[in-house]
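Student: no sequence for this one, just the structure:
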């Protein structure tokens, strides 16, 4: 599973903690998000 990240303090939050509360365990902020990977495309020359 993917880790969540706090919008306020930028620390990683484990998904098992999200099942209990939707708050950051470090600062108490309510906005958490999943980081997305950046995809890159390469042109053939």
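Tutor: All right, it came through fine. Source: prediction; values computed, not measured.

Student: for this structure, which segments count as strands?
Tutor: Counting by DSSP state E, one finds strands in the chain at the ranges 4-6, 12-13, 32-34.

Student: mind listing residues that contact the first one?
Tutor: Where contact means CB atoms under 8 Å, 6 or more residues apart in numbering, the residues beyond strand 4-6 that reach it are 11-15, 18, 24, 26-27, 29, 31-35. (Each C-beta comes from the backbone N, C-alpha and C, glycine too.)

Student: now the strands of the chain in a markdown table, with distance to residue 42 and mean pLDDT?
Tutor: Supplementary listing: those in a markdown table, determined by distance: least, CB to CB, whole Å; pLDDT from 0 to 100:
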| stretch | distance to residue 42 | mean pLDDT |
| --- | --- | --- |
| strand 4-6 | 28 | 92 |
| strand 12-13 | 30 | 90 |
| strand 32-34 | 26 | 90 |
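
Student: let me know which of those is tucked in deepest.
Tutor: strand 4-6 (a mean of 19; mean count of other CB atoms under 10 Å).

Student: so, low pLDDT: which residues of this protein?
Tutor: Along the chain, segments meeting pLDDT under 70 span 1.
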